[in-house]
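Test case, fold it:
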Amino acid sequence: MVSPLSVWLILSAALSLVAFITAVLALRKKKFLRGTIGLFFGLLFLSLGALFGTITVAIQGYRALIHEEVAAVVEIQPAGPQEFNAHFRLADGEEVRLLLAGDEIYVDAHILKWKPIANFFGLHTAYELDRVAGRYTRLEDERSKPHTVFSLSQEKPVDLFRLRQKYFLLSPLLDAQYGSGTFVAADKPGEIEVRVSTSGLLIRPSK
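Predicted coordinates for the structure are as follows:
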């Protein structure tokens, strides 16, 4: 299925090509005003195409979010004192097995909340699980004992979440001011669901 963003990308590229051809033909006939206008619109549509292309690449790995949904099912199995195995079954079908240190399992995510003007181009709230870590209940343990942190996100040539944090210019289009995190005890065998909504992450026992 072709995404609305891809349609806008193709349309921008086509309009840019038409505008440049029109500009060249006008300049050959020494119609400089029409040629200048054609070049202007050609560059405008080319810039829009580049923007849509960059966004298309930057949101790879993110999943569209309309309602609350299960981002991952995690099977927890204690492996020793303050140590446990976590078997992740992600929403895209990928499975990840990790050995974590701590009393609790911590998961966080990046949530991209597009503004209404971006919704017009087919962009809606999206999320990506970012990291999983072991977390200690006692502050003294958190300060002195080993820490385990693993990435759940994909490597990207362009990271839209980081770009939004760095460039205020993107604020009319996108809100990515925060990553949402949650944690739960991992001292007993069990299965949990990591759920995500437009307001953030939460963890519930698996049904």
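
element containing residue 39, please.
Under the criterion of DSSP states H and E, residue 39 resides in helix 32-58.

Please apply the same query to residue 112.
Assessed by DSSP H and E, residue 112 sits inside strand 104-114.

cool, and residue 78?
Secondary structure assigned from DSSP H and E places residue 78 in strand 69-80.

pLDDT of the helix or strand that comes right after that strand, averaged?
Following the chain from strand 69-80 toward its C-terminal end, the next helix or strand by DSSP H and E is strand 83-90. Average pLDDT, strand 83-90: 95.

my guess is residue 96 meets residue 90, correct?
Yes - applying Cβ atoms under 8 Å, one finds residue 96 in contact with residue 90, separated by 7.0 Å. Placement of C-beta: from N, CA and C, glycine included.

any common contacting residues for these two?
Any residue near both residue 96 and residue 90 by Cβ atoms under 8 Å, 6 or more residues apart in numbering counts here, and that gives residue 152.

Just grab the bridge partners of the nearest residue to residue 189 once chain neighbours are set aside for me.
Leaving out its chain neighbours, the residue that sits closest to residue 189 by Cβ to Cβ, 6 or more residues apart in numbering is residue 77, at 5.3 Å. Beta-bridge pairing of residue 77 under DSSP bridges involves residue 85.

And the protein, what are its domain boundaries?
4-58, 63-205 (automatic domain parsing).

Save these as TSV, and put in mean neighbour count too.
Putting the domains of the chain into TSV (neighbours: other Cβ atoms under 10 Å) gives the following:
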stretch	mean neighbour count
domain 4-58	16
domain 63-205	16
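
Which of those domains has the lowest mean pLDDT?
Between these, the lowest average pLDDT goes to domain 4-58, which shows a mean of 75.

now it, how far from the chain's geometric center?
A distance of 29 Å separates the centroid of the chain from that of domain 4-58, by Cα atoms, centre = their mean, to the nearest Å.

angle of the helix holding residue 39 against strand 104-114?
160 degrees (axes from the mean of the first three to the mean of the last three Cα atoms, to 10 degrees).

could you say what helices and strands helix 32-58 packs with?
Where contact means 3 or more Cβ pairs under 8 Å, 6 or more residues apart in numbering; DSSP states H and E, helix 32-58 is packed against helix 4-28, helix 160-166.

run the last query once more with 6 Å
Under the contact definition 3 or more Cβ pairs under 6 Å, 6 or more residues apart in numbering; DSSP states H and E, helix 32-58 sits against helix 4-28.
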